[in-house]
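Enquirer: got a predicted structure plus its sequence, pasted below:
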Amino acid sequence: MDQPNVNHLLEGLNPEQRRAVECGDGPVLVLAGAGSGKTRVLIQRIAYLIATGRASADEIMAVTFTNKAAGEMKERLERLGHTHLHHGWIGTFHSLGARILRREAVHLGLESTFNIYDQDDSLNCVKLILDELDIPGERMPPRLAAHYISQAKNAFVDPQQFKTMVENDKMQMAAEVYPRYVQMLRANNAVDFDDLLLLPVVLFRNHPNILEYYQEKFRYILVDEYQDTNRTQYHLLQLLAQKHRNLFVVGDDDQSIYRWRGADLRNILDFGRDYPDCQVFRLEQNYRSTQNILDAAHSVIVKNQGRHEKRLWTQKEAGEKVHIIEAASEREEAEVIVQKINEEFLSNKRTLRDFVILYRTNAQSRAIEDALRRHGIAYIIVGGIRFYERKEIKDVLAYLKVVANPLDSISLRRIINYPLRGIGEATVRKIQNYALQHRITLLEAMKHTDEIENLSPRLRHTIKAFYQFIAKYISLKDKISVTELANSMVEETGILQNFKAEGTPDALTRMENIRELLNAISEYARNVENPSLEGFLEQVSLITDIDTWDDRSNAVSLMTLHSAKGLEFPVVFISGLEEGLFPLSRNMDSQDELEEERRLFYVGATRAREKLYLTYARTRSRFGEFQRNGMPSRFLNELDPAVVELFQTRPAYYSRSRPSSGSAHRHRAPRPEPEPQAMPDYENFSQEQVLFRKGMRIRHSHFGAGRVEAIEGHGENMKIVVAFGDGRIRKIMVKYATIEIL
DNA sequence: GAGCCACCCGTTTTT
DNA sequence: CGGGTGGCTC
């Protein structure tokens, strides 16, 4: 093919990246390590395909993991001159799936106005079904049933198949719920998250002609983060790529962290078997981190069995060692992090946006937030309670969902008595029964209140009034703007006034949140070409935490390790490195799950450009009350001692420490407080030694203060022999005891 | 039907 | 600690 001017698209790429960008047609697997420039390769590849005339912009489908990544990709392509890509098929699996479903809804027995249910809505459906089936919550926790169903959908297992896979009575009950659940969603003209992937596959399997259209359309398919695709996504890609076979996937098996959500490593590990003629490119040069950081990350990840051997390298200097910091408590851990941020801030001319603090669970953010607030440091937090999952927001959205899709009885139930209008559970049941008898929807049934038995005249009136209220907005939907509709509807419900009248700080916050939602709607209406109620609701449903994260704001970022995937920061803190927390105790027994935790550590560590701090606390409060002593995470022990340096917040803790003789912080002046100290016998660094030593003074929750006389066993089975103040010597099983180190 | 209180449970991680 | 639930009273 005669090549127009594409040299600028290849400039600055290393040879392997370049080969990947300009390779010929057919399946392609790019094994791209962390920080190896995979996003760049994807973008340049798209630009290259267009520039060389191999495909037009709308013949390319590019799938990313988050909307944010999709947005960045579009932006960078636009900067390369591809403005027409703005409307292209670049997005997440879920958003692209939704787009296909909206277009083809009719072939699946859906209307194009279908609503997208989040887990909360799904859970409500499952609860209703369990009620219907007379299965009490103690016998079958609704969350578990929902989980089984979701897993099945992710693994591309339909209700019939699921029945044959039942292994225990819980699964048996889930097997009963599953078909009914599918039915219920259909009846409500709704789909759940998993359906956004699953239903397109069903569609394509049942309608070869439709499949053919999309196969023809998408000459080139590019997929980012391929290691985190599940089985259903795998089928979707296989179907779409069957014709042109131009499937270009980029991934890194070491960064697969969504197994729990159905991600299947087989997809990437077996790519070569599925596509024997595929071209494989390996990007192992890292452009992000210092050598020490890479070595540290590598020394941990190699402990995994199920991985492709590979090693990242960099041309960057070794850089500083990785710092491990031990703190006495979670509060102190947070303080130390703040202190390090201050030091860095002062000595290295950094800005707040250079820092990220990562943790395993959202709950850990609290202590860190407190410390940041105490010190007046601006921070932005990703995740936790999402804006669109707040109760008051979901309530307002439910109003809009019912207007957008009157078949949605789940949303209708949510608002039928909110704000309180006296239509309680018993009344809803009566209406529901009438609806079932006459095979109409819940909303329609409300129109016929006169025919429903055992209702007081007042209640009849209330129900009818509510019906008319909803009906009015349904008829207004296409006549007034989304903004007007939402504002007017919220106004008429009186929700805002109620909060105002209540006057509590909590109520006022909720009021503000609803105002913010209304702002978001008008903003949406201003920015989108053809704003629609469905469009807004879909955008809201598919938004992710990280999508709303503004990397330009001048603040320290806080997020979970999962959220940090794909990002990079000059200075990274990974906190809570304790056995049971990271790795999380639930995942410590199974090899597979432990390996996923290790990959999560690897992902976190490789976010760092220049500095990596790993912190842990000797005690941590759980559920507010209980203090339990944790041991340092095994990942710390797995780190190559040559590239780490240990700090403690209580230097006296180690009696044998000598003045630092290592060279690592020779030039450090003035010495930070507290004083950093090289671990003297680092080779022998082990959990037991960090936690307990002979002669150490401790306090037991029951027996009071005492002195450690001996240590027996290790890990889970570690016991300490303690001489207590009452003169008695007791052997304590560390695992079960609450022990404070004095 | 609604409001109040006492208990219970939990928590990964997210599209 | 904080949210959800179930049982109680008005």
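Expert: Structure's in. What do you need?
Enquirer: what's around the residue of the stretch 201-350 of chain A found nearest DNA strand C, how many residues?
Expert: Here the stretch 201-350 of chain A gets closest to DNA strand C at one residue, A:Glu330, 13.1 Å apart by Cβ to the nearest atom of the strand. Any C-beta I mention is one placed from the backbone N, CA and C, and that applies to glycine too. Residues within reach of A:Glu330, counting by other Cβ atoms under 10 Å, total 28.
Enquirer: what does A:Gln591 give?
Expert: If you count neighbours by other Cβ under 10 Å, A:Gln591 ends up with 10.
Enquirer: cool, and A:Lys303?
Expert: The tally of other residues near A:Lys303 (other Cβ under 10 Å) stands at 14.
Enquirer: surely it and A:Arg599 touch.
Expert: No: using Cβ atoms under 8 Å, A:Lys303 and A:Arg599 do not qualify as a contacting pair, with a distance of 10.7 Å.
Enquirer: hmm, back to that, please report how far the residue of the stretch 201-350 of chain A closest to DNA strand C lies from A:Leu80.
Expert: Counting by Cβ to Cβ, to the nearest Å, the gap from A:Glu330 to A:Leu80 is 46 Å.
Enquirer: quick one, grab the pLDDT at the residue in the stretch 301-450 of chain A that DNA strand C sits nearest to.
Expert: DNA strand C sits closest to A:Lys391 of the stretch 301-450 of chain A, with a gap of 6.5 Å, by Cβ to the nearest atom of the strand. With respect to pLDDT, A:Lys391 has a value of 87.
Enquirer: list the contacts for the residue of the stretch 201-350 of chain A closest to DNA strand C?
Expert: Taking Cβ atoms under 8 Å, 6 or more residues apart in numbering as the contact definition, A:Glu330 lies against A:Gln364, A:Ala367, A:Gly576, A:Ala617, A:Thr619, A:Arg620, A:Ser621.
Enquirer: neighbour-wise, which of the residues you listed leads?
Expert: If you count neighbours using other Cβ under 10 Å, the busiest of the contacts of A:Glu330 is A:Ala617, which has 28 neighbours.
Enquirer: and that one, its phi and psi?
Expert: Torsion angles at A:Ala617 (phi, psi; degrees, to the nearest 10) stand at phi -120, psi 140.
Enquirer: so what's it up against?
Expert: Applying Cβ under 8 Å, 6+ apart to A:Ala617 gives the contacts A:Glu326, A:Ala327, A:Ala328, A:Ser329, A:Glu330, A:Glu332, A:Glu333, A:Gly576, A:Glu578, A:Gly630.
Enquirer: swap in A:Arg360?
Expert: By Cβ under 8 Å, 6+ apart, the residues touching A:Arg360 are A:Thr560, A:Leu561, A:Gly576, A:Leu581, A:Phe582, A:Leu584, A:Leu600.
Enquirer: which ones among those map onto strands?
Expert: When DSSP state E is applied, these are split such that A:Thr560 fall in strands.
Enquirer: most neighbours among the contacts of A:Arg360, please name it.
Expert: Top of the contacts of A:Arg360 by neighbour count (other Cβ under 10 Å): A:Phe582, with 28 neighbours.
Enquirer: tell me the confidence at that one?
Expert: At A:Phe582, the model reports a pLDDT of 90.
Enquirer: ok, it touching A:Arg598?
Expert: No: the pair A:Phe582 and A:Arg598 does not pass the contact test of Cβ under 8 Å, sitting 10.1 Å apart.
Enquirer: mutual contacts of those two, please.
Expert: With contacts taken as Cβ under 8 Å, 6+ apart, A:Phe582 and A:Arg598 have A:Phe635 as neighbours in common.
Enquirer: relative to DNA strand B, how far out is the residue of the stretch 201-350 of chain A closest to DNA strand C?
Expert: Summarising the geometry, the distance separating A:Glu330 from DNA strand B, computed by Cβ to the nearest atom of the strand, to the nearest Å, is 13 Å.
Enquirer: I would like the residues contacting stretch A:451-463, please.
Expert: A:Arg421, A:Gly422, A:Ile423, A:Thr427, A:Lys430, A:Ile431, A:Tyr434, A:Ala445, A:Met446, A:Thr449, A:Asp450.
Enquirer: oh sorry, the question was meant for stretch A:15-29
Expert: Applying Cβ under 8 Å, 6+ apart, the contact partners of stretch A:15-29 are A:6, A:9-10, A:13, A:30, A:37, A:40-41, A:44-45, A:48, A:54, A:226, A:241, A:244-249, A:251, A:268, A:271-272, A:275, A:277-283, A:285.
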